[in-house]
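[1] pasting the sequence and the predicted model now:
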Amino acid sequence: MKRFLAAVLLFAMTLVLTPAPAQSQKKEEVAKMTLKVGDKAPDFTLLSDKWKTIKLSDYHGKKNVFLAVYVLAFTGG
Amino acid sequence: MDSPAANAAFAKQIGITFPLLSDMNHKMLTTYGILKTYDVQGDGYQWALRANIVIDKDGIIQHIEGGDSAVDPNTAVAICTDLHKKQSAQ
């Protein structure tokens, strides 16, 4: 039985990106990963490659979820 | 940013069977704090960090890592295996 849902988020970015707030333009700003082990994972709803809506909460009580976030890794944007 | 259509083409190309998700409006990335701002010729642009996150059946984060260490998925995979063993034993 497949216990794990492996979900990969593809975030291959093009140059059409969200401009950041003015104060962060001067230097790179490290993302603030505020979530930590033991925290409740915030729910999200995203579109899959099959144009199906996937909600994290759909797997609650059913499967463990492995989320892998990939940037510019597969499709070249 | 990849659209569902681009992800579908890629999934077909390499035979992926798990869902490939798109966060076109950065909502999930922002919530999870994995957007990073880069300076490109004086302008700031936000790209996602590489990240691995393991969430158990109860919706609790069991592992979260971002940046360079997340390029190697082995730690996350080991945690998945442990989690599976613990749940099987229950």
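    Right, received. Where do you want to start? Numbers count the residues shown, from 1 in each chain, chains lettered A, B, ... in the order given.

[2] in chain B, which residue sits nearest chain A?
    residue B:44 (2.9 Å; C-beta to the nearest C-beta). Every residue, glycine included, has its C-beta placed from N, CA and C.

[3] mind listing what's buried along the longest helix along chain B?
    Longest helix in chain B by number of residues (criterion: DSSP state H): helix B:74-89. For helix B:74-89, a neighbour-count test (16 or more other C-beta atoms under 10 Å in any protein chain shown) marks B:76, B:77, B:79, B:80, B:83 as buried.

[4] measure the residue of chain B closest to chain A to residue B:23 for me?
    According to C-beta to C-beta, to the nearest Å, residue B:44 stands 19 Å off from residue B:23.

[5] could you count how many residues lie near residue B:24?
    By the criterion of other C-beta atoms under 10 Å in any protein chain shown, residue B:24 has 12 neighbours.

[6] my read: it touches residue A:45, true?
    No: at 11.8 Å, residue B:24 does not count as touching residue A:45 under the criterion of C-beta atoms under 8 Å.

[7] look at residue B:52 and give its secondary structure.
    strand (DSSP: H, G, I helix; E, B strand; the rest coil).

[8] how about residue B:57?
    coil.

[9] so who does it touch?
    Taking C-beta atoms under 8 Å, 6 or more residues apart in numbering or on different chains, we find residue B:57 in contact with A:59, A:60, A:61, A:62, A:63, A:64, B:87.

[10] let's see that with 6 Å instead.
    Residues in contact with residue B:57 (C-beta atoms under 6 Å, 6 or more residues apart in numbering or on different chains) are A:61, A:64.

[11] kindly report the same for residue B:8.
    residue A:49.

[12] point out where chain A drops to low pLDDT.
    Along chain A, the model assigns pLDDT under 70 to residues A:1-32, A:72-77.

[13] as a check, name the ranges of all strands in it.
    Secondary structure of chain A (DSSP state E): strands located at A:4-10, A:45-48, A:53-55, A:64-70.

[14] what's the helix or strand for the closest residue to residue A:46 other than its chain neighbours?
    With sequence-adjacent residues excluded and distances taken as C-beta to C-beta, 6 or more residues apart in numbering or on different chains, residue A:46 is closest to residue B:21, at 4.1 Å. Per DSSP states H and E, residue B:21 falls inside strand B:20-22.

[15] who does that strand touch, helix- and strand-wise?
    In terms of contacts (3 or more C-beta pairs under 6 Å, 6 or more residues apart in numbering or on different chains; DSSP states H and E), strand B:20-22 is packed against strand A:4-10, strand A:45-48, helix B:4-14.
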